[in-house]
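Enquirer: predicted structure and sequence below. I'll ask about it afterward.
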Amino acid sequence: MKRKIIGILFIVGLIVPTTCAAASTQYVRAPTALSGQKEKLDQFSRLGFDTLHLWGENTMTAQSFCPKFPTLSRVQLGLRSYIFFADGTFTVSIRDSLDGQDLTAKTMSMKKVRHFVTWVSIDFTDIHVTPSKQHFIVVTYDHDLNLEWCTAHWNPYHQGMPWVYTTSPEPSWDVGYGEKFPDLSFRTYGIPG
């Protein structure tokens, strides 16, 4: 009986954070410097357990999204390290076009990424974004970094898609390994207008 209860609690622990937490509209952080208001969850794609390995010739991967709020304060990405105790850094930036300038960026240590799938929070200085206009979360990394970005099955986020920067035959952004590729796991937080 104890094994059955522990098994049920384990399964509930896996399911609840990926469904209820993403749908939450509660305030999640203290007031921000830009507006003095509390941030809220804006856009999201649920945390999946399959992953896209970020290495090789591709040095950038992105997920597009359409913000509802005019201020973006941070993002969370569903990431995992491919190996234990990985070294190196990666940069997460926000752009309003794939080839455009970074609106904001932050370099993160692989020490912040666990060997199991988890949300990694990237806290930016608050920036203004255009609601309902497509923006991009871009992850730039070294070719030998052991980083994986989780994918969410069945294309749950219909306002965006994954993108992969390829260098061959010519440098270009391509829809992530074909149009059937699932969204990458992300959450954006911001200040309602």
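Expert: Arrived safely.
Enquirer: stretch 107-115: end-to-end distance?
Expert: End-to-end distance for stretch 107-115: 19 Å, by CA to CA, to the nearest Å.
Enquirer: check the offset of it from the chain's centre.
Expert: Centroid separation between stretch 107-115 and its chain, computed with CA atoms, centre = their mean, to the nearest Å, is 14 Å.
Enquirer: tell me, please, the helix or strand in the protein that averages the lowest pLDDT.
Expert: Ranked by mean pLDDT, DSSP states H and E, the weakest helix or strand in the chain is helix 2-23, scoring a mean of 37.
Enquirer: next helix or strand past that helix?
Expert: Next helix or strand after helix 2-23 toward the C-terminus (DSSP states H and E): strand 40-45.
Enquirer: which is the succeeding secondary structure element to that following strand?
Expert: Tracing the chain past strand 40-45, the next element assigned as helix or strand by DSSP H and E is strand 50-54.
Enquirer: quick one: mean pLDDT for that following strand?
Expert: Mean pLDDT, computed over strand 50-54, is 73.
Enquirer: for the next helix or strand after it, packing partners?
Expert: Next in sequence after strand 50-54, counting helices and strands by DSSP H and E, comes strand 60-65. Applying 3 or more CB pairs under 8 Å, 6 or more residues apart in numbering; DSSP states H and E, we find strand 60-65 packed against strand 135-141, strand 162-166, strand 183-184, strand 186-191. Quick note: C-beta positions are derived from backbone N, CA and C, even for glycine.
Enquirer: dump strand 60-65 to CSV, restricted to CA.
Expert: Output in CSV follows, covering the C-alpha atoms of strand 60-65 (Å, rounded to 0.1, in the frame of the first residue of the first chain):
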residue,chain,number,x,y,z
MET,A,60,21.8,29.4,-32.1
THR,A,61,18.3,28.1,-31.4
ALA,A,62,15.2,30.2,-30.9
GLN,A,63,11.5,30.0,-29.9
SER,A,64,9.2,32.7,-31.2
PHE,A,65,6.4,34.1,-29.0
